[in-house]
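*Asks:* generate a structure from the sequence data that follows.
(one chain, ligands or ions: 1)
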Amino acid sequence: MSLQEELQQLRRTIDDESRTIASAQDAEAFRLRHLVKKGTIQACVEQLRSVPKEQKPQIGKLLNEVRTLAESIHANAVATYAAASAVKAMDVTLAGRGVRPGAMHPITQTVDRLVGIFASMGFDVAEGPDIEDDAHNFEYLNFAPDHPARDMQDTFFVDASERSDILLRTHTSSVQVRVMQQMKPPIRCIMPGRVYRNEAVSARSLAEFHQIEGLYIDKGVSMADLKGTIMAFARRFYDENAEFRFRTSFFPFTEPSCEVDMSCFLCKGQGCRICKHSGWLEICGAGMVHPNVLRACGIDPDEYSGFAFGFGVERVVMMLTGIDDIRMLYENDVRIIGQFAP
Ligand code: DAH
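*Replies:* Down below sits the predicted model:
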């Protein structure tokens with residue numbers, strides 16, 4: 001057989017074999033048969049020396065084609081089967097990556113802790129709707145008809161075809177009203193929930209946040225009960241040696257009204273970043289439930305009295321964690337909130 005015939009036959013063989021390569025091992029066997037020094041192609045190169053001069057260009061060209069074909073078949077097979085052989089080379093003794101357990105969001109954790117303390121003090125938990133009407137959010141709470149809180153700049157009104165008094169509640173005080181309308185005193189309730197305000201989003205405020213409302217109605221409840229309850233709660237929640245100051249304030253639904261400050265639990269009143277160097281942290285708004293509110297909710301103010309309080313949960317979380325941009329609590333970056341997994 002002439003070299004030319006031999007090369008033509010080799011090309012057919014290589015072409016046939018290319019269809020049977022099905023693994024990295026097959027590709028390697030192919031290479032060892034054809035592409036090494038002792039392989040079929042090199043054998044033809046050696047025979048080319050004894051070919052008459054005038055035939056050399058033609059047979060040389062054929063030889064190059066066969067070699068290029070064999071090389072490209074091999075390269076393709078390696079690319080195809082390399083990934084599979086890499087899997088085989090996996091070190092199964094390596095330690096795994098592990099699955100990290102999920103955890104409650106810091107806001108949920110804080111609400112749960114707050115609720116737990118009040119529950120242990122005898123408070124029930126109540127909830128109300130996020131979508132409210134003007135009456136429960138404002139009117140029964142003794143807001144005057146022209147009170148600026150109703151302004152569209154502050155409150156999100158809901159586009160409800162036949163009514164113009166539907167809104168997203170601006171505080172959990174609306175749930176106080178529902179509780180008083182539905183229950184007879186004595187009432188001891190806390191009411192956690194989401195609230196909404198038409199605020200520009202910034203490091204200090206969001207248009208949506210959480211509050212916890214408290215309400216205690218019975219015969220003979222006084223400001224002393226309000227002070228005792230809030231102080232007992234805050235000493236358990238923040239710092240058992242905390243000191244307090246009750247500053248006068250105004251809310252339409254309480255009379256008298258106050259805001260409660262507690263000595264900073266971090267610096268013990270010395271002044272630090274968390275208390276803005278004042279030594280004091282504001283913890284809630286509170287007051288004695290206004291007789292107009294009791295009356296509007298069907299409770300006789302001559303027989304019963306009570307106190308109420310309300311605070312923002314995000315502020316509590318920020319004080320406890322040192323997070324100073326409220327938006328971080330809503331971006332759900334696990335690098336931030338994962339730090340507070342219990
Ligand atoms: N509703 C008030 C607010 O959103 C918080 C508040 C203050 C609630 C005094 C109360 C209270 O029950 O007595 O700012």
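*Asks:* by contact count, what packs against the helix or strand of the chain with the lowest mean pLDDT?
*Replies:* One helix or strand of the chain scores below all others by mean pLDDT, DSSP states H and E: helix 56-88, with a mean of 87. Here helix 56-88 touches helix 3-18, helix 24-34, helix 40-48, going by 3 or more CB pairs under 8 Å, 6 or more residues apart in numbering; DSSP states H and E. Any C-beta I mention is one placed from the backbone N, CA and C, and that applies to glycine too.
*Asks:* who's in contact with the second one?
*Replies:* Read that as helix 24-34. For helix 24-34, the surrounding residues in contact (CB atoms under 8 Å, 6 or more residues apart in numbering) are 14, 17-18, 20-21, 39-41, 70, 73-74, 77-78, 81-82, 84-85.
*Asks:* can you tell me the closest non-neighbouring residue to Arg113?
*Replies:* Distances taken as CB to CB, 6 or more residues apart in numbering place Phe237 nearest to Arg113, at 7.0 Å, with adjacent residues excluded.
*Asks:* by how many degrees do the least confident helix or strand of the chain and helix 40-48 diverge?
*Replies:* Interaxial angle of helix 56-88 relative to helix 40-48 (axes from the mean of the first three to the mean of the last three CA atoms, to 10 degrees): 160 degrees.
*Asks:* what's near enough to touch Tyr216?
*Replies:* By CB under 8 Å, 6+ apart, the contact list for Tyr216 reads 123, 187-189, 225-226, 229, 306-308.
*Asks:* now, which of these lie close to the ligand?
*Replies:* Filtering these for proximity to the ligand by CB under 6 Å from any ligand atom leaves Ala308.
*Asks:* mind putting the contacts of Tyr216 into JSON lines with distance to Ile337 and pLDDT?
*Replies:* Formatted as JSON lines, these follow (distance: CB to CB, whole Å; pLDDT from 0 to 100):
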{"residue": "Phe123", "distance to Ile337": "28", "pLDDT": "97"}
{"residue": "Ile187", "distance to Ile337": "35", "pLDDT": "97"}
{"residue": "Arg188", "distance to Ile337": "32", "pLDDT": "98"}
{"residue": "Cys189", "distance to Ile337": "29", "pLDDT": "97"}
{"residue": "Asp225", "distance to Ile337": "37", "pLDDT": "97"}
{"residue": "Leu226", "distance to Ile337": "34", "pLDDT": "97"}
{"residue": "Thr229", "distance to Ile337": "31", "pLDDT": "97"}
{"residue": "Gly306", "distance to Ile337": "37", "pLDDT": "98"}
{"residue": "Phe307", "distance to Ile337": "34", "pLDDT": "98"}
{"residue": "Ala308", "distance to Ile337": "31", "pLDDT": "98"}
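*Asks:* out of the contacts of Tyr216, list just those in strands.
*Replies:* Among the contacts of Tyr216, the residues falling in strands (DSSP state E) are 187-189, 306-308.
*Asks:* that'll do, ta.
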